[in-house]
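Chemist: Provide a 3D model corresponding to the input given below.
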Amino acid sequence: TLYLSTVLQAVKPEARILTVDIDRTGWDYTVATLRNPNARKLLDRVEFIEGGSTAPEVTNRVRQRVGTGSKVLVILDSLHERDHVIAEMTAYGELVHPGGYMVVTDTHLDAVWGQVGPRAALDAFLPGHPEFVPDRSRDRFMVSANLGGWLRKAGPR
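Modeler: From the prediction side, this is the model:
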């Protein structure tokens with residue numbers, strides 16, 4: 001979250017970040033120990049939402065904060081179980097503007113763990129959602145943990 005905030009500071013200072021986590025302990029520790037001369041700028045653009053990423057009260061709060069017409073990048077990096085990732089894609093995919101991206105992270109874990117996870121979620125989700133197309137140009141360096149997970153929503157860039 002802080003990395004993205006740093007990037008946005010240079011690229012689009014007015015942009016906001018909503019981060020969702022079931023436990024805020026790590027976030028609170030990071031905030032308390034952050035030693036950066038720009039810490040206030042970095043933290044002021046971040047809103048932490050505590051709760052499960054697919055819980056209705058959380059998804060509703062995110063929808064309210066995002067509003068309509070916003071350009072949104074959704075990065076899904078939560079519980080890496082197939083059904084949970086599908087639920088996240090379904091809940092947050094509608095927030096992505098045409099030409100924007102939803103990133104399903106850690107698609108490599110299915111092969112590493114030998115179980116169904118983010119990769120299997122992609123394979124199940126995409127046939128029913130033709131508005132999302134994997135942007136394989138994002139895989140060009142083959143060092144990503146998100147191979148095939150950069151989903152571009154149909155529409156203009």
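
Chemist: quick check, residue 62 in a helix?
Modeler: Yes: read with DSSP: H, G, I helix; E, B strand; the rest coil, residue 62 is one of the residues of a helix.

Chemist: roughly how far apart are it and residue 137?
Modeler: Per Cβ to Cβ, to the nearest Å, residue 62 is found 28 Å from residue 137. Where you see a C-beta, it was placed from the backbone N, CA and C, and this is true even at glycine.

Chemist: any weak-confidence spans in this structure?
Modeler: For the chain, the stretches with pLDDT under 70 are 142, 156-157.

Chemist: show the residue spans covered by the strands in it.
Modeler: Along the chain, counting by DSSP state E, strands occupy 17-21, 46-50, 74-76, 101-104, 132-134, 150-153.

Chemist: got a markdown table for these, with mean neighbour count too?
Modeler: Shown next, in a markdown table, are the strands of the chain (neighbours: other Cβ atoms under 10 Å):
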| stretch | mean neighbour count |
| --- | --- |
| strand 17-21 | 18 |
| strand 46-50 | 15 |
| strand 74-76 | 21 |
| strand 101-104 | 22 |
| strand 132-134 | 17 |
| strand 150-153 | 21 |
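
Chemist: export those strands as TSV, with columns for distance to residue 5.
Modeler: TSV is the format used below for the strands of the chain (distance: least, Cβ to Cβ, whole Å):
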stretch	distance to residue 5
strand 17-21	6
strand 46-50	6
strand 74-76	13
strand 101-104	17
strand 132-134	26
strand 150-153	21
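
Chemist: the ones you listed: which one's closest to residue 91?
Modeler: strand 74-76 (9.5 Å; Cβ to Cβ).

Chemist: the closest one pairs with which strands, parallel or anti?
Modeler: Applying DSSP bridges to the sheet, strand 74-76 is found paired with strand 101-104 (parallel).
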